[in-house]
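Peer 1: Using only what follows, build the 3D model:
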Amino acid sequence: MRDRYKIFIIDEAHMVTREGFNALLKIVEEPPEHVLFIFATTEPEKVLTTIRSRTHHYPFRLLAPNVMRPLLE
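Peer 2: Reported below is the predicted structural model:
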């Protein structure tokens, strides 16, 4: 095994249909140890409630270049 984790990024997660989330629900509830899901969305309220209740919410925001530069150095 080359990598420690397999990461699935679901961009625009608010666009996934109810049927799509229902299909993902079982694996999101009990994922294998090496699997991580990232649901990226600008509208978290549109993500199925059962998915939201089983995930962590990390709000991201833009940083100004003068703030980001020292962090990257």
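Peer 1: in the protein, which ranges drop under the pLDDT threshold?
Peer 2: Residues of the chain meeting the criterion pLDDT under 70: 1.
Peer 1: can you give me the strands in it?
Peer 2: 6-10, 35-39 (DSSP state E).
Peer 1: Need these in CSV (columns: distance to Arg52 and mean neighbour count).
Peer 2: Bear in mind the C-beta positions are built from the backbone N, C-alpha and C, glycine included. CSV is the format used below for the strands of the chain (distance: least, Cβ to Cβ, whole Å; neighbours: other Cβ atoms under 10 Å):
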stretch, distance to Arg52, mean neighbour count
strand 6-10, 13, 13
strand 35-39, 9, 15
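Peer 1: now those in TSV, with distance to Leu48?
Peer 2: Shown next, in TSV, are those (distance: least, Cβ to Cβ, whole Å):
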stretch	distance to Leu48
strand 6-10	12
strand 35-39	10
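Peer 1: Go through those strands and name the closest to Tyr58.
Peer 2: Among these, strand 35-39 comes nearest to Tyr58, with 9.3 Å by Cβ to Cβ.
Peer 1: and the closest one with strand 6-10, angle?
Peer 2: Inter-element angle recorded for strand 35-39 and strand 6-10: 20 degrees (by axes from the mean of the first three to the mean of the last three Cα atoms, to 10 degrees).
Peer 1: Please enumerate the helices of the chain.
Peer 2: All helices of the chain, identified by DSSP state H, fall at 18-29, 49-52, 65-72.
Peer 1: Out of those helices, the one nearest Arg2 is which?
Peer 2: helix 18-29 (21.4 Å).
Peer 1: picking up where we left off before, closest one to Glu29 among the strands of the chain?
Peer 2: Among those, the nearest to Glu29 by Cβ to Cβ is strand 35-39 (11.0 Å).
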